[in-house]
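Asker: Next one to model:
(one chain, ligands or ions: 1)
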Amino acid sequence: MMDYEIVIGLEVHCQLLTQTKIFCGCSTDFGNPPNHNTCPVCTGMPGALPVLNRKVVDFAIRAGLATGCEITRNSVFARKNYFYPDLPKGYQISQFELPICLAGHLDIEVEGGVKRIGITRIHMEEDAGKLVHPEYSGGVSYVDYNRACVPLLEIVSEPDMRSSAEAVAYLKALREIMVYLGITDGNMEEGSFRCDANISLRRWGAPHFGIRAELKNMNSFRNVQRAIDYEVERQRDILDGGGQVVQETRLWNVERGVTMPMRGKEEAHDYRYFPDPDLLPVVIEEAWIAGIRAGLPELPAAKRRRFAAAYGLSEADIEVLTAERAMADFFEAAVGFFPQPKPVANWIMAELLKFINEDKITIEKCPITPEGLARLLRLIEDGAISGKIAKQVFARMYAEADNDPLRLVEEEGLGQISDSAELAKLVDELVAANQDKVAEYRAGKVKMFGFFVGQVMKKTGGQANPQMVNELLKERIG
Ligand SMILES: [Zn+2]
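Answerer: I've put the predicted structure just below:
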């Protein structure tokens, strides 16, 4: 890619975690029978009037403040007209000329440092319903309006990205912030966080952007990367051959790994927006913004800086621990009970994550509490159990509701054997029974020491205090 500069802008649709839809009281629950969550408003019955859900505005302001946007005091809803059965009104209620957030930015990590990507605007809108085309329906199509009128934020970036890697970094950072803010679940596979990309190429030094194509239908970070890379190659081939890129909407075909022209409603770009006469302008008082600003959580970048300063953990550890807000909260709560960041971090990353990932549950659902983990680490620290036994205890803590580690250790008789007389007896028996190996050790075969340690651990089911075993052995054969 030497001859051209790649220019990428992203439009992200982010489904909001409200209980009810944006303009009616219907539930936003996912997975209900078709048309279960509907009413005259979201099915566009004549005369039904939309009423704006205040929570949606709260969430939009949150998103705007977290990305450095200016919050407009008067924003207006518009009708975006298109004729397609997924929205029975014949138009989508969106914001057009006067969106709620303007001129923000997001900093991303790129090779060689931090790059600031501009955010042009964030606006509120309703989602459309879903058309279903069953294979054996004799050409009949069905429509499910459960999703119609579900609230979305559309977040539009400036065309500031110069590679697929930058686009993915931006998307990851944006998703992370929106999930931290608690305004979306960020689930890309279920479509609650989805993105379209505008891509064009221009010769270095050329004054204007090239003609762009819009890419849709990318439902994972990997697919975003692949689709953009494919599209860049496709446009370069056209330009190298002396041709012209056509401005169009293209769909990413995952199976074939290609982008293809899209047919349908999205081709018609002449939407003819006009202000929605049923909805008043959204007027936002200073106090509303101030209240939301005061309630903003610590954002990922700030949290990472604080973790580095406060806990002295490695960048890699911090990355894992701050990937989700709940995980970071769990870590900090556990450190509150057991103020040794490194072991707490290690146990979360090695043991806890292994269990919850296997069960595909979030850390909020984890049966082990921060305090429980801290108590377990205290038992190791006090020498009551070995690290190896602690892993067994941890597994039982995870599996049981009544999971106090001390009780489990006592009940299972898992406590560490630190009784020197008992251990000394064991060591003496072993030494007596293995005189040949003692001789080998004394003749210089140092590995034999490990054999004796291993035997003691085996005889005690891993419960012997390893340090005491080492000392006793050194006394006897060293
Ligand atoms: Zn409704």
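
Asker: Could you use CA atoms for every contact and neighbour count after this?
Answerer: Noted.

Asker: Can you find the residue of the stretch 51-200 of the chain that comes nearest to the ion?
Answerer: residue 149 (7.1 Å; CA to the ion).

Asker: Look at that residue and say how many residues are nearby.
Answerer: By other CA atoms under 10 Å, the residues close to residue 149 number 28.

Asker: Excluding residues flanking it in the chain, which one is nearest it?
Answerer: residue 126 (4.5 Å; CA to CA, 6 or more residues apart in numbering).

Asker: Just give me the neighbour total for the one you found.
Answerer: Count around residue 126 with other CA under 10 Å applied: 23.

Asker: Bridged to it, which residues?
Answerer: residue 151 (DSSP bridges).

Asker: was I right about residue 61 contacting residue 70?
Answerer: No: between residue 61 and residue 70 there is no contact under CA atoms under 8 Å: 9.3 Å.

Asker: Which of the two has more residues huddled nearby?
Answerer: residue 61 (25 against 15).

Asker: Now the element after whichever strand or helix holds the more buried one, going C-ward?
Answerer: Element membership for residue 61 (DSSP states H and E) is helix 54-66. Counting by DSSP H and E, the element after helix 54-66 in chain order, helix or strand, is strand 70-71.

Asker: Please identify the buried residues of the longest helix anywhere in the chain?
Answerer: Using DSSP state H to define each element, the chain has its longest helix at helix 221-240. Under the neighbour-count criterion of 16 or more other CA atoms under 10 Å, helix 221-240 has 221, 223-228, 230-232, 235-236, 239 buried.

Asker: Pull the residues that contact that helix.
Answerer: 4, 6, 164-165, 167-168, 171-172, 197, 199-201, 215, 218, 244-245, 252, 254, 257-259 (CA atoms under 8 Å, 6 or more residues apart in numbering).

Asker: Kindly report the same for stretch 383-401.
Answerer: Residues contacting stretch 383-401 (CA under 8 Å, 6+ apart): 351, 355, 366-368, 376, 379-380, 403-405, 408-409, 414-416, 462-465.

Asker: Residues contacting stretch 303-311 from elsewhere in the structure, which ones?
Answerer: With CA under 8 Å, 6+ apart, stretch 303-311 has contacts from 313-315, 318-319, 322, 341-342.

Asker: err, stretch 38-57, not the other one
Answerer: So stretch 38-57 is in contact with 16, 18, 20-24, 26, 87-89, 124, 145-146, 148-149, 151, 278-279, going by CA under 8 Å, 6+ apart.

Asker: Inside strands: which ones of the contacts of helix 221-240?
Answerer: Within the contacts of helix 221-240, residues falling in strands by DSSP state E are 4, 6, 197, 199-201, 215, 218, 252, 258-259.

Asker: From the residues you listed, pick the one nearest the ion.
Answerer: Distances from the ion to these, taken by CA to the ion, are shortest for residue 218, at 28.3 Å.
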